[in-house]
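K.L.:
Make a model of this:
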Amino acid sequence: MTETLPPCPSCASVYTYEMGALLVCPECGHEWSPASAEPAGGTGDDGAIRDAVGNVLADGDTVTVTKTLKVKGSPSGIKAGTKVRNIRLVDGVDGHDIDCRIDGFGPMQLKSSVVKKA
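P.N.:
The predicted structure is shown next:
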């Protein structure tokens, strides 16, 4: 096989593979079209903040956490599937661009790459 596939635009993994018309990353689960110039997740060229699957987020949206997150000082953490209501988009530290309040945990910041729009 002489064809080399591009690395994952989300996590930069080199182990991408083709699945139909999409490219898939086995490490983070990110899927994208090889023809698309703008990767889903993070911020695009237009400055919009996008969730893990590429949906544009806005202030006041409700999102769902896509994977279990460890929280310092908490024995359980935030479980995958937890709904977070009324988010605020901010310029946070270390890629944390969502400011929110989670029931049972209080106020915190999340990365847009670990949530999807509900």
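K.L.:
can you give me how far the one helix or strand D97 maps to is from the chain middle?
P.N.:
Assigned by DSSP states H and E, D97 belongs to strand 96-102. Chain-centre distance of strand 96-102: 13 Å, with Cα atoms, centre = their mean, to the nearest Å.
K.L.:
Now it: buried residues?
P.N.:
Within strand 96-102, the residues scored as buried using 16 or more other Cβ atoms under 10 Å are D97, I98, C100, I102. Every residue, glycine included, has its C-beta placed from N, CA and C.
K.L.:
next one: stretch 57-70
P.N.:
By 16+ other Cβ under 10 Å, the buried positions in stretch 57-70 come out as L57, D61, V63, V65, T66, L69.
K.L.:
And the residues you listed, which is closest to T16?
P.N.:
T16 has its nearest neighbour among the buried residues of stretch 57-70 in T66, at 19.2 Å by Cβ to Cβ.
K.L.:
Let me see the contact set for the closest one.
P.N.:
A52, A80, V114, V115, K116 (Cβ atoms under 8 Å, 6 or more residues apart in numbering).
K.L.:
looking at this protein, which helix or strand is least sure?
P.N.:
Ranking every helix and strand in the chain by mean pLDDT, DSSP states H and E puts strand 42-43 at the bottom, with a mean of 48.
K.L.:
ok, which pair from the buried residues of stretch 57-70 is furthest apart?
P.N.:
Greatest spacing in the buried residues of stretch 57-70, by Cβ to Cβ: D61 and L69 (18.3 Å).
K.L.:
Many thanks, we can stop here.
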